[in-house]
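>>> here are the coordinates; sequence isn't available:
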Ligand code: BT5
């Protein structure tokens with residue numbers, strides 16, 4: 001059986017027939033790019049592209065995503081009926097789906113705004129959402145998910161080794177990547193239904209229950225050309241991080257890197 005039929009079967013065992021094409025590639029530049037191409041050709045919502053490895057895997061802002069074989073590289077196409085302001089909730093929904101999916105494989109992960117899935121502070125998975133908008137709405141959103149399944153951190157350069165982890169490194173067991181893919185897709189469809197039915201606030205609440213607990217603590221956010229220090233207060237319905245600045249104003253942060261500051265740090 002080929003890999004896409006196998007994944008389709010795993011999904012069928014968990015629920016209804018997957019509603020769109022599933023494309024499995026032995027190698028891709030970036031699964032997000034392949035799926036963006038399919039989206040331009042009119043691909044259906046929930047179309048999936050998976051690659052066994054990527055030669056140009058990307059993180060946000062053009063960063064490199066380490067994409068050796070043995071891990072999961074997956075992109076799924078959504079056409080959410082959401083206003084553009086709610087786009088920021090999609091990475092949270094995807095992160096939540098990943099967090100729930102990996103718990104099936106014995107990994108207790110935590111979510112870090114906006115798109116990290118961590119275990120004991122090490123990165124297990126990342127999410128890259130790339131959307132096109134139409135008027136005030138979203139035309140399509142390609143949700144890219146990378147999960148380290150079999151990766152051996154010690155085989156990476158030392159600077160990466162101590163910052164990453166994988167399902168194998170956490171559990172000592174090698175999970176089937178397609179099994180992880182089916183768990184992620186099934187969980188994503190549940191999160192997405194909740195988003196449509198109950199609205200972004202419900203997804204944000206669920207996300208917060210799995211998030212790193214730094215609320216009420218000092219953080220630093222580094223974005224494009226700015227640095228903001230303040231107290232992390234929460235996440236709003238659009239998925240923006242709310243940081244209370246020195247003047248006591250709640251500043252919604254749409255993108256950036258956040259780190260917790262030690263209380264004594266000036
Ligand atoms: C992300 O970016 O975390 C988004 C990663 C999304 C990858 C998926 S794979 C399928 C789809 N196709 C793609 O081309 N991309 C998506 P960001 O928050 O910018 O984090 C990037 C940073 O994570 C890098 O600068 C490294 O420090 C670290 N990193 C790179 N590869 C990693 C890996 N395999 N595991 C853990 N950390 C990694």
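That came in fine, so what should we check first? From a predicted model like this one, the values you see are computed outputs, not experimental measurements.
>>> isn't residue 118 right up against residue 210?
No - in this structure, residue 118 is not within contact of residue 210 by C-beta atoms under 8 Å, at 10.5 Å. Any C-beta I mention is one placed from the backbone N, CA and C, and that applies to glycine too.
>>> mutual contacts of those two, please.
The contact sets of residue 118 and residue 210 overlap at 109, 110, 111 (C-beta atoms under 8 Å, 6 or more residues apart in numbering).
>>> so the first one makes contact with residue 100?
No - here residue 109 does not reach residue 100: they are 9.1 Å apart, not a contact under C-beta under 8 Å.
>>> ok, now which ones touch the nearest residue to residue 92 once chain neighbours are set aside?
Leaving aside its sequence neighbours, residue 92 sits nearest to residue 207 (C-beta to C-beta, 6 or more residues apart in numbering; 4.4 Å). When contacts are counted by C-beta under 8 Å, 6+ apart, residue 207 touches 92, 93, 95, 96, 111, 235.
>>> would the third one count as being in a helix?
Yes - secondary structure assignment places residue 95 in a helix (DSSP: H, G, I helix; E, B strand; the rest coil).
>>> that one against residue 118, yeah?
No - contact criterion C-beta under 8 Å: residue 95 and residue 118 do not qualify, at 10.0 Å.
>>> give the residues shared as contacts by those two.
residue 111.
>>> which of these two has more neighbours?
For residue 95 versus residue 118, neighbours defined as other C-beta atoms under 10 Å are more numerous around residue 95 (28 against 20).
>>> and the gap between the closest residue in space to that one that isn't next to it in sequence and the ligand?
Spatially, and ignoring its direct neighbours in sequence, residue 95 is nearest to residue 111 (4.8 Å; C-beta to C-beta, 6+ apart). Going from residue 111 to the ligand by C-beta to the nearest ligand atom, to the nearest Å gives 12 Å.
>>> with residue 208 instead?
For residue 208, the distance to the ligand equals 19 Å [C-beta to the nearest ligand atom].
>>> and this protein, what are its domains?
3-209, 218-260 (automatic domain parsing).
>>> of these, flag the one that's most buried.
Ranked by mean neighbour count under mean count of other C-beta atoms under 10 Å, those are led by domain 3-209, which reaches a mean of 19.
>>> so how far is it off the chain centroid?
5 Å (C-alpha atoms, centre = their mean, to the nearest Å).
>>> gap between the two ends of that domain?
34 Å (C-alpha to C-alpha, to the nearest Å).
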